[in-house]
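Visitor: sequence first, then the predicted structure, then my questions.
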Amino acid sequence: MNLYAISDLHLGYSVNRQALAQLPAYPSDWLIVAGDVGETEAQFVDALQLLTSRFAQVLWVPGNHDLWTLPNDLGALRGEAKYQRLVEICHKFGVLTPEDPYVVWPGASTPYLLAPLFLLYDYTFRPSHVAAEEALAWAEAENTICADEVVLHPDPYPTRDAWCHARCRYTEQRLIAAVAGMADQGQLILINHFPLRYDLAVLPRIPRFSLWCGTTWTETWHTQFPVATMIYGHLHIRNSQLRDGVRCEEVSLGYPRQWQPERGVAAYLRKILPTPAR
C-alpha cells in the first residue's frame, strides 16, 4: 500500500487530459491531489470521477486555478461559495478535503495523520525591503502579475489576504487540536497547494511571482508541529528538499511544456509513504 501525491494537473490542456485518461489503476493505494486540477467544474468532476476509480482513496486541496471564476462564467459562484461547491463535489465522490477530519493513513505501523490544508497567500513572500503597500508595484515592475488578481475573487472577504488570514487562523487551531489528540504518537503530513515557507517559493525565471505563492504565517509550522512531510505544488518545479529534517515535496505535473507526456502521468506520481530510501 502506497501514498502518492501529484498536483497541477491543469486539465484545461488536452495533452494533460489525454495523459491522465491513460493512468493505470492503483486499487490499494491512496492519492493526494494538491490543487490546480483545472479551471472549470466539468474538468474537476471528470478528474475526480477518473481518479476515484483508480485509487482506493483520494484527498484534495484547492489550488488557485480551481477557485477561478472566469469572465464568461456569468452567474458562476465566486470566492468561498466556489470553494464550498468544490468541497461538495468532492464529498459526492468520497474525496477528502480541508473541511474533513484529518485521517490516519492505514499503510504504516507509525501513525501518519494526513492534514489537507487550504491557506491561500497574503503577499508576504517578498523581500524585507518591499513594503506591503508597494508589493504589487514591485512585481509589476518586472512585468509579473498573477491572473488571480482578475479571476480569483475573495467574496465575502474584502481581499484575498483577509481570506488567507481567516483560513490560517482556522487551520492553526485545527492543527493544535489534532496534535493534542495524538498524545505524542505519530506525525503530521501537511498538504497544501502553496509552499509553507518563503525559502521554498523559489522561481528563478519569475522570482517576483513569489507574492502569489504563500504566507509567512506558516513559516514555522514544520517545527511548531510534529511534521514528517510538507506536500505542495503551484511552482511547477518538481523537487524534494529538507528543512530542519522535514521533507518538503513539490509534486506538480504542470503545463505540457513542463513535463514529458510520452512518459505518462504515472511517472510523475510522487511516492510519499512508505518513505522512499534516499
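Guide: On my side now, so go ahead. On a predicted model such as this, the values are computed, not experimentally measured, just so you know. Numbers count the residues shown, from 1 in each chain.

Visitor: can you pull out the helices in the stretch 101-250 of the chain?
Guide: 135-140, 148-151, 160-182, 221-224 (DSSP state H, counting those that start in this stretch).

Visitor: switch these over to a markdown table; also include distance to H236 and mean pLDDT.
Guide: In this view, the C-beta of every residue, glycine as well, is placed from N, C-alpha and C. What follows is the helices of the stretch 101-250 of the chain, written out as a markdown table (distance: least, Cβ to Cβ, whole Å; pLDDT from 0 to 100):
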| stretch | distance to H236 | mean pLDDT |
| --- | --- | --- |
| helix 135-140 | 18 | 97 |
| helix 148-151 | 15 | 97 |
| helix 160-182 | 20 | 96 |
| helix 221-224 | 22 | 97 |
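
Visitor: among these, which is nearest L96?
Guide: Among these, helix 160-182 comes nearest to L96, with 13.9 Å by Cβ to Cβ.

Visitor: show me what the closest one is packed up against.
Guide: strand 112-116, strand 187-191 (3 or more Cβ pairs under 8 Å, 6 or more residues apart in numbering; DSSP states H and E).

Visitor: OK, contacts around the residue nearest the centre of the chain?
Guide: The residue lying closest to the centre of the chain (Cα atoms, centre = their mean) is H193, at 1.7 Å. Contacts for H193 (Cβ atoms under 8 Å, 6 or more residues apart in numbering) come out as S7, A34, G35, D36, V61, P62, G63, N64, F118, Y232, G233, H234.

Visitor: which residue packs closest to it, ignoring adjacent ones?
Guide: G35 (3.2 Å; Cβ to Cβ, 6 or more residues apart in numbering).

Visitor: got the phi and psi for the one you found?
Guide: phi 90, psi 170 (degrees, to the nearest 10).

Visitor: quick check, pLDDT for it.
Guide: Predicted confidence (pLDDT) for G35: 97.

Visitor: any idea how far stretch 243-251 is from the middle of the chain?
Guide: 14 Å (Cα atoms, centre = their mean, to the nearest Å).

Visitor: quick one: the longest strand seen in the chain to strand 112-116, angle?
Guide: Counting by DSSP state E, the longest strand found in the chain is strand 26-33. Strand 26-33 runs at 50 degrees relative to strand 112-116, counting by axes from the mean of the first three to the mean of the last three Cα atoms, to 10 degrees.

Visitor: could you please name the strands strand 26-33 pairs with and the direction of each pair?
Guide: Neighbouring strands of strand 26-33 in its sheet, by DSSP bridges, are strand 3-6 (parallel), strand 55-60 (parallel).

Visitor: so what touches the helix or strand just after it?
Guide: Counting by DSSP states H and E, the element after strand 26-33 in chain order, helix or strand, is helix 41-54. Residues from elsewhere that reach helix 41-54 (Cβ under 8 Å, 6+ apart): 9, 11-12, 17, 20-21, 23-27, 31, 33, 37-38, 58, 60, 66, 85-86, 89-90, 93-95.

Visitor: buried members of those into ChimeraX, please.
Guide: Of these, the buried ones go into a single ChimeraX selection, burial set by 16 or more other Cβ atoms under 10 Å:
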select :9,11,17,20,23,26,31,33,37,38,58,60,66,86,89,90,95
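
Visitor: circling back: now the contacts of H193 in JSON lines, with neighbour count and distance to P101?
Guide: Converted to JSON lines, these look like this (neighbours: other Cβ atoms under 10 Å; distance: Cβ to Cβ, whole Å):
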{"residue": "S7", "neighbour count": "32", "distance to P101": "22"}
{"residue": "A34", "neighbour count": "30", "distance to P101": "19"}
{"residue": "G35", "neighbour count": "26", "distance to P101": "20"}
{"residue": "D36", "neighbour count": "27", "distance to P101": "24"}
{"residue": "V61", "neighbour count": "27", "distance to P101": "15"}
{"residue": "P62", "neighbour count": "27", "distance to P101": "18"}
{"residue": "G63", "neighbour count": "26", "distance to P101": "22"}
{"residue": "N64", "neighbour count": "21", "distance to P101": "25"}
{"residue": "F118", "neighbour count": "25", "distance to P101": "15"}
{"residue": "Y232", "neighbour count": "29", "distance to P101": "21"}
{"residue": "G233", "neighbour count": "31", "distance to P101": "23"}
{"residue": "H234", "neighbour count": "26", "distance to P101": "25"}
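
Visitor: restricted to strands, list the residues you listed.
Guide: Using DSSP E, these in strands are Y232.

Visitor: can you pull out the low-pLDDT segments for the stretch 101-250 of the chain?
Guide: The model of the stretch 101-250 of the chain has no residue with pLDDT under 70.
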